[in-house]
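In: A predicted structure for the sequence below; I have some questions about it.
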Amino acid sequence: MAKKHTEAVVTQPVEKSEALADKLLTGEAFSQRNRNILLGVLAAVVLVVGGLVGFNYYKGIKDQEAQSVLFPAVYHFESDSLNKALKGDGANEGLVDVADQYGMTKAGNLAKFYAGTAYLKQGKFDEAIEYLKDFESSDFLVQARAYALLGDAYMEKNQLGEAVNYYEKAADYKPNEYFTPSYLMKLALAQELNKDNGAAIQTYEKVIKNYPASAEAINAKKYKSKLEGSAGQ
């Protein structure tokens with residue numbers, strides 16, 4: 001029995017050297033192929049990271065440049081010299097140029113807000129809407145203010161549905177006791193003019209309930225009572 005077992009083991013076929021060589025070559029090719037892919041991926045990552053670092057560095061330089069250019073335009077804006085603020089004073093660029101040339105920077109983005117506000121003051125509502133819509137900020141005061149100004153521009157154009165939409169955005173964006181009550185009052189007025197008295201009553205109630213210490217709460221009570229009285233007639 002032991003002999004038979006030994007023979008059985010000895011007579012097992014042995015893989016040919018050519019087949020082993022083929023397998024080794026195939027495995028080496030597979031490793032080489034994947035190595036090339038890995039190196040390609042690593043190179044792509046390095047390029048992306050390097051590009052981001054370079055872009056952020058460039059963006060930082062451009063933002064510093066934009067801030068220095070923006071300063072004179074803001075000075076004219078604060079002085080109510082709106083044409084100089086928007087178009088420049090001959091020696092310095094205006095808000096429009098800063099917004100267009102440096103729009104990707106923080107200063108360029110802020111120039112859009114100032115430009116939109118200046119156009120609104122001039123009664124150029126379409127231009128105001130264009131720049132204010134292009135403005136974005138995580139600052140709870142400025143972004144909400146931009147929404148409210150958009151509401152004002154649409155109110156002036158008698159596009160009440162859009163006015164309601166942007167006043168709602170202003171009121172809902174990071175609510176606070178300092179500015180939200182005034183945005184809600186604007187919203188309620190737009191809702192009234194849009195013949196949606198039910199929504200206006202709810203908005204006035206929100207002022208009364210959520211901001212009872214605000215100056216707007218007194219008028220909110222008065223206007224709410226007036227609307228409810230009209231609805232009861």
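Out: Good, I have the coordinates.
In: domain parsing of the chain, as residue ranges.
Out: 56-136, 138-233 (automatic domain parsing).
In: mean neighbour count for the ones you listed - can I get that in a markdown table?
Out: For glycine as for every other residue, the C-beta is placed from the backbone atoms N, C-alpha and C. Shown next, in a markdown table, are the domains of the chain (neighbours: other C-beta atoms under 10 Å):
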| stretch | mean neighbour count |
| --- | --- |
| domain 56-136 | 18 |
| domain 138-233 | 18 |
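In: let's see the pLDDT reported for Asp139.
Out: The score at Asp139 is 87. That number is its pLDDT.
In: from Pro181, how far off is it?
Out: 19 Å (C-beta to C-beta, to the nearest Å).
In: on that earlier part again, lowest-confidence stretch among the domains of the chain?
Out: In terms of average pLDDT, domain 56-136 trails the rest of the domains of the chain, at a mean of 90.
In: starting at the chain centroid, how far to it?
Out: Offset of domain 56-136 from its chain centre (C-alpha atoms, centre = their mean, to the nearest Å): 18 Å.
In: how close does Ala146 sit to Ile218?
Out: 28 Å.
In: my bad, Leu82
Out: Distance of Leu82 to Ile218, computed by C-beta to C-beta: 34 Å.
In: the spatially most central residue of the chain - nearest residue in space that isn't next to it in sequence?
Out: The centroid of the chain falls nearest to Glu136 when counting by C-alpha atoms, centre = their mean (4.7 Å). Nearest residue to Glu136, sequence neighbours excluded (C-beta to C-beta, 6 or more residues apart in numbering): Asn109, at 6.7 Å.
In: next one: Phe55, what pLDDT does it get?
Out: With respect to pLDDT, Phe55 has a value of 40.
In: what segments of this structure are helices?
Out: Secondary structure of the chain (DSSP state H): helices located at 2-10, 17-78, 82-87, 95-101, 106-121, 125-134, 140-156, 160-172, 180-193, 197-210, 216-232.
In: just the residues contacting the fifth one, thanks.
Out: In this structure, residues lying in contact with helix 106-121 by C-beta atoms under 8 Å, 6 or more residues apart in numbering are 63, 66-67, 69-70, 73-74, 77, 82, 85-86, 95-96, 98-99, 101-103, 125, 127-132, 134-137, 142, 146, 149, 152-153.
In: can you do 7 Å?
Out: 63, 66-67, 70, 74, 77, 82, 85-86, 95-96, 98-99, 102-103, 127-128, 131-132, 134-137, 142, 146, 149, 152-153 (C-beta atoms under 7 Å, 6 or more residues apart in numbering).
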